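**Student:** Sequence and predicted structure are below.
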Amino acid sequence: MSLKLVLVAGSSQPSSQSAKVAAYLRQRLLELGYCTAENLSLIDLGATPLPLWPAEDASGTWANYAALLREADGVVLISPEWHGMASPALKNFFIYAGRRELGHKPALLVGVSAGLGGAYPLSELRASSYKNCRLCYLPEQLIVRHVGEVLNGDNAVDEPDARIRARADWALEVLVQYAQAMRPLRTTIRFDSAEFINGM
């Protein structure tokens with residue numbers, strides 16, 4: 001059975017570099033044979049944003065996203081770095097997302113930076129976003145630095161571009177291995193215990 005994965009491009013800007021990276025990673029998952037097109041979804045929070053919590057979601061955007069996430073075996077979360085912080089769109093996403101959508105699923109964190117940064121948003125997300133939804137971040141992560149200069153075509157244009165492409169393939173392989181190994185957890189761990197509904 002093919003894995004079901006969801007990529008979340010966490011920029012609130014349309015046509016963002018985060019969306020570019022998400023599209024590249026999606027294509028690599030297909031080319032490497034880890035997923036089929038029908039089992040691979042992309043949520044672009046810039047193209048189709050969620051209302052700022054607690055505003056009413058009249059368009060049903062979250063219901064559509066939640067349905068994709070509930071079926072997923074793993075998640076790729078891509079965050080730009082704005083002033084050393086994770087994007088507001090991703091932080092808002094985690095107010096919507098709970099254990100039914102993300103519980104006990106592996107997630108690959110991907111940082112995006114126009115310069116040499118990109119690490120701080122990933123530390124922030126590791127510290128504050130998993131508690132109640134029970135998302136399981138991988139020990140592996142990916143940081144795409146100088147994002148405007150890499151992942152722009154079918155082939156690498158220089159050594160840094162080739163290196164990040166190879167590192168991306170490695171990180172995706174790690175995610176796939178975790179996703180396969182963690183599938184049985186979600187049939188044995190109780191999700192709806194009212195006694196332990198929130199993390200500590």
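**Tutor:** Great, that's in hand.
**Student:** Which secondary structure state does residue 79 sit in?
**Tutor:** Three-state secondary structure (criterion: DSSP: H, G, I helix; E, B strand; the rest coil) places residue 79 in strand.
**Student:** thought it was touching residue 113?
**Tutor:** No - counting by C-beta atoms under 8 Å, residue 79 stays clear of residue 113, with 9.9 Å between them. Every C-beta, even on glycine, is put in place using the N, C-alpha and C of the backbone.
**Student:** Between these two, point out the one with more neighbours.
**Tutor:** Using other C-beta atoms under 10 Å, the more surrounded residue of residue 79 and residue 113 is residue 79, with 27 against 21.
**Student:** three-state assignment of the closest residue to residue 171 other than its chain neighbours?
**Tutor:** Closest residue to residue 171 apart from its sequence neighbours, by C-beta to C-beta, 6 or more residues apart in numbering: residue 142 at 4.5 Å. Classification of residue 142 using three-state DSSP returns strand.
**Student:** Residue 142 reaches residue 107, doesn't it?
**Tutor:** No - between residue 142 and residue 107 there is no contact under C-beta under 8 Å: 11.8 Å.
**Student:** How about the residue sitting nearest the centre point of the chain: what's its closest non-neighbour residue?
**Tutor:** Nearest residue to the geometric centre of the chain (C-alpha atoms, centre = their mean): residue 77, 1.7 Å. Leaving aside its chain neighbours, residue 77 sits nearest to residue 8 (5.1 Å; criterion: C-beta to C-beta, 6+ apart).
**Student:** Contact partners for that neighbour?
**Tutor:** Residues counted as contacts of residue 8 (C-beta atoms under 8 Å, 6 or more residues apart in numbering) are 22, 43, 45, 75-78, 90, 93.
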